[in-house]
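# Quick one, fold the following:
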Amino acid sequence: MRTLARVLMIGVAVCMFGCDEKLSDITGPTPNLTPTFSSIQQNIFEAPDSSGRVACIGCHNAVGSLFNGLNLTHAVAYANLVSVASREKPGVLRVAPGDPENSYLIHKLEGRPGIVGLRMPFSGAPFLTDGQILVIKKWIEDGAKND
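This is a model prediction of the structure:
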């Protein structure tokens, strides 16, 4: 009986670790990206990645925000995103905690129909990968906490 229990436990452990996709497998050019604000700030907003995507703060900074309405630099990014109405679409929140599908940030990153202007980044491809966007969606789904 003990042997059978051990075999079953080993089988479950192998399946759990073998079947679980690591975040770094889906985040591509940002292998350290995790669904936390600090990670998104560091790996997406403030840094370019190995695909050639530009850092968001290249345009979304204190000077650029005069033109594009959003400053994503470290000290103010969270306060400018979470539960704040979009300047482009005032009836929609930039980030609606717990609701990635109704967060304008996701609409802009995915280039959904109905956005004002262009898909982000404004400079064009390369855009965020589906995996990078999934991590941002997970952060929003988990309540868009400021860590």
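# Can you classify L105 as helix, strand or coil?
Here L105 is recorded as helix under DSSP: H, G, I helix; E, B strand; the rest coil.
# Tell me if I'm right that it and P97 touch.
No - L105 lies out of contact with P97 (Cβ atoms under 8 Å); the separation is 11.7 Å. Bear in mind the C-beta positions are built from the backbone N, C-alpha and C, glycine included.
# shared neighbours of these two, which are they?
Here L105 and P97 share the contacting residues I140, scored by Cβ atoms under 8 Å, 6 or more residues apart in numbering.
# which of those two has more neighbours?
Between L105 and P97, counting by other Cβ atoms under 10 Å, L105 is the more crowded of the two (24 against 16).
# which ones are touching that one?
81, 94-95, 136, 140.
# try it again with 7 Å
81, 94-95 (Cβ atoms under 7 Å, 6 or more residues apart in numbering).
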